[in-house]
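In: Give me a model of this one.
(one chain, ligands or ions: 1)
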Amino acid sequence: METEEILQELENVEAEVRLVQEQIKQLVDRQDQLYERQSELKSLLEAFEASRGSPIQYGGSSSTAVENWSGTFEWDSRADDVRLNVFGIPAYRANQQEIINAVLSGRDVLVIMAAGGGKSLCYQLPAVLREGIALVVSPLLSLIQDQVMCLAALGIPAHMLTSTTSKEDEKFIYKALEKGEGELKMLYVTPEKISKSKRFMSKLEKCHHAGRLSLISIDEAHCCSQWGHDFRPDYKNLGILKTQFPDVPMMALTATATQKVQNDLMEMLHIRKCIKFVSTINRPNLFYMVREKSSVGKVVIDEIAKYIQESYPNSESGIVYCFSRKECEQVAQELRQRGISADYYHADMDINAREKVHMRWSKNKLQVIVGTVAFGMGINKPDGLSSITV
Ligand SMILES: Nc1ncnc2c1ncn2[C@@H]1O[C@H](COP(=O)(O)OP(=O)(O)OP(=O)(O)O)[C@@H](O)[C@H]1O
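Out: Down below sits the predicted model:
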């Protein structure tokens, strides 16, 4: 093949890709319009139903108020069973059931719920209920490891595909995506996988083509927006997921998003018509205390050590937040000198060292992590978690 011929064909292929992308965009827009019309028609039916005093049947099932996601759904009893017997959760918290119902109805959803409010259940439960594999995009390795560890403990086959994944695991995951072999229910990846690995995207495409991609969940979705406090450039490319897999419900979850960030992330993820759930930030399990800080460094450490020893005599886990990396190392060392099992965590450490500290802490082999804000986003540790900001 002559260079000129190659160039010509490349040009043709690129032109066709642009055309296909345009067609996909038009189809996604059309899908949005249809959803909107569907909602209007369901509202009309609901109104008729109310005026006649009897339910109208359509599409083989009884009608549900359009935005009434707390109504009755065919999966209610299966969802209750999984909630209780798989996740060990006796009752839903505010909005959880409605979010789950919206996703299981095939809708795209934006969830704004305070940290620790229970966002994970909102995508993990549908992932267990739906056939196939759910993809979860999450920004931090430590967060992914934490989630995969918790899911494994619940007996849910979850895996992660990250820079630390072994060749063997990678093979297993690719086979599960491509051929449906092996047990895989939830796959966690960092956003870089979506934007940088063509191989992964091609396997995902095959999984979708075979009808086995059940759900796409974007955790810490505020990272999409440049207006947010945690902008991650690779999150910007996640829009491709909706473009490539328009029929797969997408969930975007975050604890903090201003109106501007919400609009921005909906735009970027191509979920402009999503159902939005905002939970109040009242956290009854949180207790705040502010104490005056001495100007003498040693006294501050003495007081923190005393507070930890007196308030957490059974070595319950905690985090001490510091502003600088150097401070983290110093404070950890000084706490150790006062008999507290403590270690530091910050972004200057290599990934293995960070994971080691996180694992020791997760398994209660370390009581206190002294970290910068690099540690903590999305950490799930139900037993006695306390945090002190120096
Ligand atoms: N309905 C519920 N009842 C009791 N506990 C729950 C319920 N839902 C979730 N939890 C528990 O609450 C804790 C926090 O949940 P989760 O980690 O999902 O929070 P999150 O909203 O993802 O927080 P973050 O923003 O920090 O990631 C977990 O231990 C989880 O098991």
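
In: what about the residue lying closest to residue 97 once chain neighbours are set aside, neighbour count?
Out: Distances taken as C-beta to C-beta, 6 or more residues apart in numbering put residue 70 closest to residue 97, at 6.3 Å, once the chain neighbours are dropped. All C-beta atoms are positioned from the backbone trio N, CA, C, and that covers glycine. Using other C-beta atoms under 10 Å, residue 70 has 13 other residues around it.

In: How about the contacts made by residue 70?
Out: By C-beta atoms under 8 Å, 6 or more residues apart in numbering, residue 70 lies in contact with 97-98, 101.

In: Show only the entries of the residues you listed found in helices.
Out: 97-98, 101 (DSSP state H).

In: Please report which of the residues you listed has the highest neighbour count.
Out: residue 101 (23 neighbours).

In: Can you tell me how far that residue is from the ligand?
Out: 15 Å (C-beta to the nearest ligand atom, to the nearest Å).

In: got it, and residue 128?
Out: 14 Å.

In: follow-up on the earlier one: can you list the ones in helices among the contacts of residue 70 in JSON lines and add pLDDT?
Out: Below are these laid out as JSON lines (pLDDT from 0 to 100):
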{"residue": "97", "pLDDT": "95"}
{"residue": "98", "pLDDT": "94"}
{"residue": "101", "pLDDT": "95"}
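
In: Can you name the residue of the stretch 201-350 of the chain nearest to the ligand?
Out: residue 255 (4.2 Å; C-beta to the nearest ligand atom).

In: what's the closest non-adjacent residue to that residue?
Out: residue 115 (4.3 Å).

In: Pull up the per-residue confidence for that neighbour.
Out: pLDDT for residue 115: 80.

In: Please apply the same query to residue 26.
Out: 83.

In: before we move on, the earlier item: part of a strand, is the residue nearest to residue 255?
Out: No - note on residue 115: no strand contains this position according to DSSP: H, G, I helix; E, B strand; the rest coil, which reports coil.

In: Just give the number of residues close to it.
Out: The number of residues near residue 115, taken as other C-beta under 10 Å, comes to 15.

In: looking at it, it is touching residue 279, isn't it?
Out: No - when contacts are counted by C-beta atoms under 8 Å, residue 115 is not listed as touching residue 279 (11.2 Å).

In: How about the contacts made by residue 190?
Out: 137-141, 144, 162-163, 234.

In: Could I get the full set of strands for the stretch 101-250 of the chain?
Out: 109-112, 133-137, 158-161, 186-189, 213-218, 250-254 (DSSP state E, counting those that start in this stretch).

In: Could you say which of these is packed most deeply?
Out: strand 250-254 (a mean of 27; mean count of other C-beta atoms under 10 Å).

In: any residues touching that strand, and which ones?
Out: By C-beta under 8 Å, 6+ apart, strand 250-254 touches 99, 103, 108-113, 119, 122-123, 215-222, 224, 241-242, 261, 265-266, 269, 271, 274.

In: mind checking pLDDT for residue 60?
Out: 35.

In: Next, format the contacts of residue 70 as CSV and append distance to residue 307.
Out: Shown next, in CSV, are the contacts of residue 70 (distance: C-beta to C-beta, whole Å):
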residue, distance to residue 307
97, 38
98, 40
101, 43
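
In: isn't residue 318 right up against residue 371?
Out: No - if you go by C-beta under 8 Å, residue 318 and residue 371 don't touch, sitting 10.9 Å apart.
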